[in-house]
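Student: build the 3D model from these lines:
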Amino acid sequence: MFKGKGKLLIGMFLPILLFGLAQLGVASVPKNAAQSGLTQKSTGLADKVRHELVMLPYYGVFDNLAFSIEGSDTVVLTGQVTRPVLKSDAGAVVRKVEGVGKVVNNIEVLPLSPFDDSIRLAAYRAIFSKPGFERYAIQALSPIRIIVKNGNITLDGVVSSQMDKIMAEMAARSVPGSFGVTNNLAVA
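Tutor: Residues are numbered from 1 along each chain as shown. As a prediction, this is how the structure comes out:
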């Protein structure tokens with residue numbers, strides 16, 4: 001009588017557990033992106049800006065956001081996004097951060113392309129289906145970013161080892177129809 005209910009309970013609570021574990025993951029906006037030579041005040045500002053960017057609701061594995069702090073209160077946003085609303089939302093949330101005086105939004109909106117969309121999905125499948133890469137896929141915000149522009153794949157973010165960096169690049173190179181792969185993954 002209770003045999004079927006055990007599987008149902010596991011099916012209900014396993015995703016909740018995985019989501020909870022994913023919250024412990026690495027944020028994909030690199031910590032050192034804006035911290036070279038910063039004062040304690042700027043470091044606190046960088047943490048606040050990073051937090052606001054990673055909390056954006058449409059920020060996904062196919063987007064890459066980065067920033068730098070110039071002077072004491074100017075934030076320069078860079079990167080690539082697949083949705084124009086993400087560019088405007090990023091600028092808006094950073095403007096609201098206490099201590100930010102000016103925001104320069106240099107985020108590139110990638111062109112709409114069914115061809116690029118198919119390469120994005122194929123690259124996602126190729127990379128995250130590799131044994132051992134499920135630890136990156138289950139995180140709420142994947143530390144591996146897959147950017148596709150005009151058929152060219154760029155990998156950004158952070159991986160645990162040099163071997164993971166090499167394997168991610170090999171998987172991306174196996175995607176049919178892509179023109180090239182640039183591997184900017186950092187090893188943490």
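Student: mind checking how far the residue nearest to M55 when sequence neighbours are not counted is from S129?
Tutor: Spatial nearest neighbour of M55, excluding adjacent residues (C-beta to C-beta, 6 or more residues apart in numbering): V93 at 7.7 Å. Every residue, glycine included, has its C-beta placed from N, CA and C. As judged by C-beta to C-beta, to the nearest Å, V93 and S129 stand 33 Å apart.
Student: how about R83?
Tutor: Noted for R83: a distance of 25 Å to S129, by C-beta to C-beta.
Student: so between the two, which is more surrounded?
Tutor: In terms of neighbours (other C-beta atoms under 10 Å), R83 is the more surrounded of R83 and S129; the figures are 16 against 11.
Student: residue contacts, the nearest residue to the more buried one once chain neighbours are set aside?
Tutor: Setting aside the residues directly before and after it, R83 is nearest to Y58 in space (C-beta to C-beta, 6+ apart), at 5.7 Å. Taking C-beta atoms under 8 Å, 6 or more residues apart in numbering as the criterion, Y58 is in contact with 83, 85-86, 89.
Student: likewise K149?
Tutor: By C-beta under 8 Å, 6+ apart, the contact list for K149 reads 80, 110-111, 116.
Student: then L77?
Tutor: Going by C-beta under 8 Å, 6+ apart, L77 touches 65-67, 90-91, 94, 103-107.
Student: are any of these buried, and which?
Tutor: Buried by 16 or more other C-beta atoms under 10 Å: 65-67, 90-91, 94, 103, 105, 107, out of those.
Student: follow-up on the earlier one: mind checking which of the contacts of L77 are in strands?
Tutor: With DSSP state E as the criterion, strands contain 65-67, 103-105 from among these.
Student: pLDDT and distance to V76 added to those residues, as JSON lines?
Tutor: Shown next, in JSON lines, are the ones in strands among the contacts of L77 (pLDDT from 0 to 100; distance: C-beta to C-beta, whole Å):
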{"residue": "L65", "pLDDT": "96", "distance to V76": "12"}
{"residue": "A66", "pLDDT": "96", "distance to V76": "9"}
{"residue": "F67", "pLDDT": "96", "distance to V76": "6"}
{"residue": "V103", "pLDDT": "97", "distance to V76": "8"}
{"residue": "V104", "pLDDT": "97", "distance to V76": "5"}
{"residue": "N105", "pLDDT": "97", "distance to V76": "8"}
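Student: from the residues you listed, which is closest to F133?
Tutor: Lowest distance from F133 to the ones in strands among the contacts of L77 (C-beta to C-beta) belongs to L65, with 21.9 Å.
Student: that closest one: what's its closest spatial neighbour, skipping adjacent residues?
Tutor: G79 (4.4 Å).
Student: nearest spatial neighbour of Y124, skipping sequence neighbours?
Tutor: With C-beta to C-beta, 6+ apart, the residue lying closest to Y124 is I146, at 6.0 Å.
Student: done for today, thanks.
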